[in-house]
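> coords below, sequence missing:
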């Protein structure tokens, strides 16, 4: 281990693995270590026995839940937008060859106490029971504008400059009702709060376009895809990629201690009495706790069920977004469901998560609106975890720390953090102009 590396990466969470892979492809010499004896860190994928050990201590899971090894329960469950940034990163890094994706069946939104399919096109808007007759027509006009919008073609801008007018001003032109704005902003454009209404409308419109184009791509009921066997496949795919380019992976390295010179700059990492030298350190918040601060908590319920989420058209995999205003909250709530169709549970079993940014110290009461939508559950676990953000100056200490994972059940915010870190580490912007057909996904039910 007594060698010099360009970058030492600590932790095999998804963000760290993506960065390790991208930096290896760039020709940097990378050493990747984890204090745990498994891949994934906070974003690990657990079998049933591991899940039980973590959340129930020494108890054994009941036999009727089936074989432990048929479970792959992702602790940070997130779907990928079919044409989204993460898929572009996977293609850029050429790791799609190690992964098998399958389309997600359904994308839904909660409105006035009920679950509805998210309408994403002008045709769907006209059919959607979410809106009354006149509102459907207004929404259809807005969707047609979004579908036709091309940033480089002013003829498609309807006389507006979307770099200067706000989301609110754009919506006002189409006279859309608040409930319509709610599902478009949160379930289609995937904004986590309403600040987008006061920002230039161009990003809002691009996000809607991404959703509609992703939806059209695999002709399933949602714009999302998900790997067979769950997200635990992703860190391992990037580990394989890194190895191809000469990167070194070491699991089960206890007490990884970052070493600093007299100016506070990271110069290496010590574990088990050996020190590996490096120019830069990349890690998750748990490796440098004195360089991060807590900014909130995520509350989650993890459920094992014997049926799909009710009112989701029997979807074997689905996302339901509960916009904050519908619940009188400051943050959205997310339902995630996956099943044996994606090989994450035994036949007939479904894994569901309910997640939100915690606003109280009582996760059970806070998550109740989401849990109530699930119907009967075989088992339910409640857990909260802290969210950290880095406070250090990377120019001084050369430590690049990822932010903790948020409550969203899609990858858009996670990848934004990874790309920002990549640019800070390398001084380059990652080129994501790739051939999207390199990632394919099956849609058949098993």
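That came through, no problem. Just so it is clear, the structure is predicted and the values come from calculations on it, not from any experiment.

> so residue 143 makes contact with residue 125?
Yes - when contacts are counted by C-beta atoms under 8 Å, residue 143 is listed as touching residue 125 (5.2 Å). All C-beta spots, glycine's among them, are computed from the backbone N, C-alpha and C.

> who touches both of those two?
Counting by C-beta atoms under 8 Å, 6 or more residues apart in numbering, the residues touching both residue 143 and residue 125 are residue 119.

> and the strands in the stretch 101-250 of the chain?
101-103, 106-111, 114-117, 224-227, 248-250 (DSSP state E, counting those that start in this stretch).

> those strands: which one's closest to residue 59?
strand 224-227 (29.3 Å; C-beta to C-beta).

> state the mean pLDDT of stretch 304-324.
If you average the pLDDT over stretch 304-324, you get 97.

> about what we covered before: so which of the strands of the stretch 101-250 of the chain is nearest residue 183?
Going by C-beta to C-beta, the one of the strands of the stretch 101-250 of the chain nearest residue 183 is strand 106-111, 4.5 Å.

> so where's the longest strand in the protein?
Counting residues, the longest strand found in the chain (DSSP state E) is strand 292-305.

> parallel or antiparallel, list what pairs with that one.
Using DSSP bridges, strand 292-305 pairs in its sheet with strand 350-357 (antiparallel), strand 379-390 (antiparallel).

> right, and the helix or strand after it?
As assigned by DSSP states H and E, the chain's next helix or strand after strand 292-305 is strand 318-322.

> residues in contact with that following strand?
By C-beta under 8 Å, 6+ apart, the surrounding residues in contact with strand 318-322 are 79, 104-110, 115, 118, 186-187, 222, 224, 308-309, 312, 332-337, 369-370, 373, 409-410.

> try stretch 238-254
1, 12, 17-18, 20-21, 24-25, 27, 29-39, 93-95, 98, 271-272.

> in strands, which of these fall?
Mapping the contacts of stretch 238-254 onto strands (DSSP E) picks out 30-33, 271.

> let me know which of the strands of the stretch 101-250 of the chain is tucked in deepest.
Comparing the strands of the stretch 101-250 of the chain by mean neighbour count (mean count of other C-beta atoms under 10 Å), strand 224-227 comes out on top with a mean of 27.

> residues of the longest strand of the chain that come out buried?
Buried residues in strand 292-305, counting neighbours by 16 or more other C-beta atoms under 10 Å, are found at 292, 297-305.

> what is the nearest of the ones in strands among the contacts of stretch 238-254 to residue 347?
Closest to residue 347, out of all of the ones in strands among the contacts of stretch 238-254 and judged by C-beta to C-beta, is residue 32, at 35.6 Å.

> give the contact list for residue 336.
By C-beta under 8 Å, 6+ apart, the contact set of residue 336 is 77-79, 318-319, 352-353, 355, 409.

> now stretch 368-388: buried residues?
Neighbour-count burial for stretch 368-388 flags 369-371, 373-374, 377, 379-380, 382, 387-388 (criterion: 16+ other C-beta under 10 Å).

> same question, stretch 25-35
In stretch 25-35, counting by 16+ other C-beta under 10 Å, buried: 25-26, 28-35.

> before we move on, back to that, tell me which of the buried residues of stretch 368-388 is nearest to residue 229?
For the buried residues of stretch 368-388, the nearest to residue 229 is residue 379 (20.8 Å; C-beta to C-beta).

> show me what the residue nearest to that closest one when sequence neighbours are not counted is bridged to.
In this structure, residue 379 finds its nearest non-sequential neighbour in residue 304, 4.5 Å apart by C-beta to C-beta, 6 or more residues apart in numbering. Residue 304 forms beta bridges with residue 351, residue 379, as assigned by DSSP bridges.

> isn't residue 304 right up against residue 345?
Yes - Residue 304 is within contact range of residue 345, at 7.3 Å (criterion: C-beta under 8 Å).

> which neighbours do those two share?
residue 351.

> shaky segments in the stretch 151-300 of the chain?
Judged against pLDDT under 70, the stretch 151-300 of the chain has no low-scoring part.

> and the helices in it, which stretches?
Applying DSSP state H, counting those that start in this stretch to the stretch 151-300 of the chain gives helices spanning 167-174, 178-183, 201-218, 233-244.

> list the buried residues in the shortest one.
So the one you mean is helix 178-183. Residues of helix 178-183 classed as buried by neighbour count (16+ other C-beta under 10 Å): 179-183.

> and it, what does it pack onto?
Packed against helix 178-183 by the contact rule (3 or more C-beta pairs under 8 Å, 6 or more residues apart in numbering; DSSP states H and E) you find strand 106-111, helix 133-148, helix 324-327.
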